[in-house]
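In: Just the structure for this:
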Amino acid sequence: MRDITVFSGSAHPDLAEEICKHLGTPLHPVQVHRFANDVLEVQLQANCRERDVFLIQPLVPPVQEHLVELLLMLDAARGASAARTTVVLPHYAYARSDKKDAPRISIGGRLVADLMVAAGASRVLAMTLHSPQVHGFFSIPVDHLHALRELAAHFNRYDLGNTVVVSPDLGNAKEAAHFARLLGTDVAMGAKQRFPDDRVVISSVIGDVAGKDVIILDDEIAKGSTVLELLDRLREHKVRSVRVACTHGLFSSGAIERLSARPEVEEIVCTNTVPPPPDAGDKLTVLSIAPALAEAMRRIHDGESVSALFSTS
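Out: Residues are numbered from 1 along each chain as shown. The predicted structure is shown next:
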């Protein structure tokens, strides 16, 4: 691809390499230098002048380190006279900070969006933002992809005649309903409450799940508290089997081990928006979203519709 230059931060270079293979373009190196006072300096190791620059950097732990690295990459691209700079953001960690649900609380999702724009971002390509309002936090164009097609292609290999898709809460119900349509199954959801001490309680499951094969769908799994609580409710309904699916498999604090230890969980499926955990065991399946991101980047570069990727959904 001519007039396109792709760089990756240090957050997920394997995904960046795979994206570039699908694009047929090289992944250019980035030099990150740390001074003695712990300050970072970034140098982009390829020409950016009047070129279409893409910076690939999911905000994964250590989030603040990778965020500053991304902001410095944006500043470097702007200083190098890039024609346009697109942030490819497979995972936006600050998307969870999307509302003022307590007095004097910060809204990090909006603030970090403003920081990216101030640093020089012209456009953002994101994957499965936590909530719809996060899209509106950006004052620049945002192309918002989802991984439901990749997940559906995986689960459609199974016999789904007795299957129901279950959303852990009402907030994810729309995506779960869309996913159920792709699979041709019914949908159910949990009635979830999150308390100030970060405790999660699911009081009931709305919908017919008794004796069913269940696919739990969530946007991301971090500590796994919500899914584990839902598994307890599903056990009470005597479901036949459970598979767990999400886009962002963060799996912090031993979540993958706790989920894998549940005998009713036959499989855990996520995508590679974030680096997969090492030694995750044989229950974890990681799907690649590199082809989808690469196609979206090609369309952005060529001035084609990105929303057309989902026109038949």
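In: pLDDT of the longest helix seen in the chain, averaged?
Out: Looking across the chain with DSSP state H, the single longest helix is helix 63-79. Averaged across helix 63-79, pLDDT comes to 98.
In: Parallel or antiparallel, which strands does the helix or strand that comes right after it pair with?
Out: Downstream of helix 63-79, the first helix or strand assigned by DSSP states H and E is strand 84-89. Strand 84-89 pairs in its sheet with strand 52-56 (parallel), strand 123-127 (parallel), by DSSP bridges.
In: which residues touch strand 84-89?
Out: When contacts are defined by C-beta atoms under 8 Å, 6 or more residues apart in numbering, strand 84-89 is touched by residues 19, 52-59, 70, 74, 77-78, 116, 120-127, 293, 297, 300. The C-beta positions use only the backbone N, C-alpha and C, and glycine is treated the same way.
In: Where do the domain boundaries of this structure fall?
Out: Residue ranges for the domains of the chain, per automatic domain parsing: 4-146+291-310, 148-288.
In: Would you work out how far apart the start and end of the longest one are?
Out: The distance separating the two terminal residues of domain 4-146+291-310, taken as C-alpha to C-alpha, to the nearest Å, comes to 24 Å.
In: next one: the shortest one
Out: Taking C-alpha to C-alpha, the span from the opening residue of domain 148-288 to its closing residue is 12 Å.
In: For it, what is the distance to the chain centroid?
Out: Its chain's C-alpha centre and that of domain 148-288 lie 15 Å apart, by C-alpha atoms, centre = their mean, to the nearest Å.
In: just the first one next, same as before
Out: When distances are taken as C-alpha atoms, centre = their mean, domain 4-146+291-310 is centred 13 Å away from the chain's centroid.
In: Specify which residues of the stretch 51-200 of the chain, grouped into ranges, have pLDDT under the cut-off.
Out: Where the stretch 51-200 of the chain drops to pLDDT under 70, the residues are 195-198.
In: returning to that earlier point: most packed of the strands paired with strand 84-89?
Out: strand 52-56 (a mean of 27; mean count of other C-beta atoms under 10 Å).
In: Could you figure out how far it is turned away from helix 63-79?
Out: Angle of strand 52-56 versus helix 63-79, following axes from the mean of the first three to the mean of the last three C-alpha atoms, to 10 degrees, is 170 degrees.
In: For the residue with the largest distance to the centre of the chain, what are phi and psi?
Out: No residue in the chain sits farther from the centre than Ala36, which is 33.8 Å out by C-alpha atoms, centre = their mean. Note on Ala36: its backbone torsions stand at phi -60, psi -30 [degrees, to the nearest 10].
In: per-residue pLDDT, it?
Out: 97.
In: quick thing: my sequence starts at 14, can you match it?
Out: Fine by me, first position is 14 from now on; the one you just mentioned is Ala49.
In: how near is it to Val55?
Out: Distance, Ala49 to Val55, by C-beta to C-beta, to the nearest Å: 17 Å.
In: which residues touch the spatially closest residue to Ala160 that is not a sequence neighbour?
Out: The shortest distance from Ala160 to any non-neighbouring residue, by C-beta to C-beta, 6 or more residues apart in numbering, is to Thr260 (4.5 Å). Counting by C-beta under 8 Å, 6+ apart, Thr260 touches 140-141, 159-160, 164, 232-233, 283-284, 286, 302.
In: I appreciate the help and will end here.
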